[in-house]
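Participant: my questions concern the predicted model and sequence given below.
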Amino acid sequence: MNLTRKFAWLTLVLVLLSAFVACKEEEEETTPESMNGSVRYDIPYYVLKGETVTMSASGIVYPKEAYFKWFVTGVYSDTLTGNPITVRFPDSLGVFRVSAHSYANGFYSLSNVQEVTTIDTTWNTSITGLLRSAASYTDERDGRSYGYVTLGGLDWFSQNLAWQGSGVPFKASRSAAPLFGSFYTWNEAMHEDVCPEGWRIPTREDWEALSAAMNGGTPLDFFGNWPGLGVKASADARLNGTRMWSYSPDNVHSNDFGWNALPLGYTFANALTSDFTDVFSYGCWWSAVEKNADQAYYRYIYKDRPDFPLSYTSKNDMRAAVRCVRTHPQSL
C-alpha cells in the first residue's frame, strides 16, 4: 500500500474516531438526571359514584420545578396536567386506575399508580350479604343513622361507628364512612366520647353478655377465645360483587345474629391515613378493658379461624373499629 493510500485510510479512521467521541460526549451531556423523592398521593381509595374529587401529588424533593401529568383510566381519555387536579368519577360502580407522572427538563420521570373504587352507600348496593337491622339510631352530632341489634339485653351497633370528629376514616375515604366506619386508638375511643350520648365502648360485662346471646345463653369468659363465635358474628359480604372475607372452610361467616362483622383490618397512629393492614383478613373491635397503664384489649376475627378471640395492644398506637353498645331501654 502506497503512502497516499495509507494516509487516506488514516484520515478516515481519525474522522470516524472523532465522530464516535463526539457522539459519546453528546450522549453523556444529554443523559437525564434522576429525581430525588417519590410520587406520593392524596387520593381516597373509595369514592361515591359520580363524586367529584380533588387529588394532589407530592414527594419530589429535587428538582423544585417538577410538574405532573395525570392519567385516569376509564374516566378521561386525555392526559390531565396540573397539581392538584379535579376528577369527576363515573356514575357507576367500578375500579379506576389513577397514575401521576412527574416531569422536569433534563430528568427521568417518576410515577405512581393507585386504584380508586366507586361505591354506593345505599343499603344492599355496594355491600351485599349483610342482615339489615329492624331498629336504628340517629346520631344527633352528624345525622348519621346506625342499625342495631338487641342481644342479651343490650343494643349493639350492627355496623362500625363512623363518627369523624376523631380517628381516621377507612383508607382515608371519608365518603365511604357509612359503609366501613372510622378507626380510633383506644385513647381516642375512650377519652374523646366517640360513641353517641347514651352509648359506650363495650365493657367486659358487655362482651360477655354478647357471648351468652351467641352461645345459647351460656356466657364465655372475656379472656377466652370464644370458639365458633367468629362464624356467628361475621357476614359473608361482597363489595361490588367481590367477596370481602377470603373463602375458608373453617369460617363460613353465618352471621346468625346480624352483627355484620367485616374484615377491614386496622391501622396505626403514625401511619399514613390510607395505610391499613390485613384488610380482608381481620376485623378488630375495641373493648373498654385495660390490660395495664399502656395497653388495652380488643376482640378480633381472622378469616381462617371460626372463633372470636382476644388480644391487646398499645392504647395510643393501633387504630381499630368501634361497636357502640347501650343497655336496652326495656332492660333498665
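Facilitator: Sure, I can see it. Just so we're clear, the structure is a prediction, and the values are computed from it rather than from any experiment.
Participant: use CA for all of it now, contacts and neighbours both
Facilitator: Noted.
Participant: let me know the secondary structure of the closest residue to S175 other than its chain neighbours.
Facilitator: Using CA to CA, 6 or more residues apart in numbering and skipping the chain neighbours, the partner closest in space to S175 is V47 (5.9 Å). Assigned by DSSP: H, G, I helix; E, B strand; the rest coil, the conformation of V47 is strand.
Participant: and V47, what does it touch?
Facilitator: Taking CA atoms under 8 Å, 6 or more residues apart in numbering as the criterion, V47 is in contact with 53, 116-119, 173, 175-176.
Participant: what's the answer for E208, then?
Facilitator: 219-222.
Participant: ok, and the most crowded of the residues you listed?
Facilitator: Of all the contacts of E208, the most densely surrounded is F222 (20 neighbours; neighbours counted as other CA atoms under 10 Å).
Participant: so that one touches R204, yeah?
Facilitator: Yes. Taking contacts as CA atoms under 8 Å, F222 lies within contact range of R204: 6.1 Å.
Participant: quick one: strands adjacent to the host helix or strand of H101?
Facilitator: Assigned by DSSP states H and E, H101 belongs to strand 94-103. Using DSSP bridges, strand 94-103 pairs in its sheet with strand 67-72 (antiparallel), strand 110-119 (antiparallel).
Participant: pLDDT of the last one, averaged?
Facilitator: Okay, so that is strand 110-119. On average, the pLDDT along strand 110-119 is 96.
Participant: could you list the buried residues of it?
Facilitator: Neighbour-count burial for strand 110-119 flags 110-111, 113, 115-119 (criterion: 16 or more other CA atoms under 10 Å).
Participant: hey, C-alpha coordinates of it in PDB?
Facilitator: Provided in PDB are the C-alpha atoms of strand 110-119 (Å, rounded to 0.1, in the frame of the first residue of the first chain):
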ATOM      1  CA  LEU A 110     -41.200   9.300  38.300                       C
ATOM      2  CA  SER A 111     -44.700   7.900  38.600                       C
ATOM      3  CA  ASN A 112     -47.100   6.100  40.900                       C
ATOM      4  CA  VAL A 113     -50.400   4.300  40.400                       C
ATOM      5  CA  GLN A 114     -53.400   3.800  42.600                       C
ATOM      6  CA  GLU A 115     -56.800   2.200  42.100                       C
ATOM      7  CA  VAL A 116     -59.900   4.100  43.100                       C
ATOM      8  CA  THR A 117     -63.200   2.200  43.600                       C
ATOM      9  CA  THR A 118     -66.500   3.900  43.200                       C
ATOM     10  CA  ILE A 119     -69.200   2.800  45.700                       C
END
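Participant: next secondary structure after that strand?
Facilitator: Following strand 110-119 in sequence order, the next helix or strand is strand 127-128 (DSSP H and E).
Participant: what's the first helix or strand after that next one?
Facilitator: Heading C-terminal from strand 127-128 (DSSP H and E), you reach strand 135-138.
Participant: need the contact partners of that next one.
Facilitator: Contacts for strand 135-138 (CA under 8 Å, 6+ apart): 144-149.
Participant: just the buried ones from those residues, in ChimeraX syntax?
Facilitator: Applying 16+ other CA under 10 Å to these, the buried members can be selected in ChimeraX as follows:
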select :146,147,148,149
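Participant: among the contacts of strand 135-138, which ones are in strands?
Facilitator: Mapping the contacts of strand 135-138 onto strands (DSSP state E) picks out 145-149.
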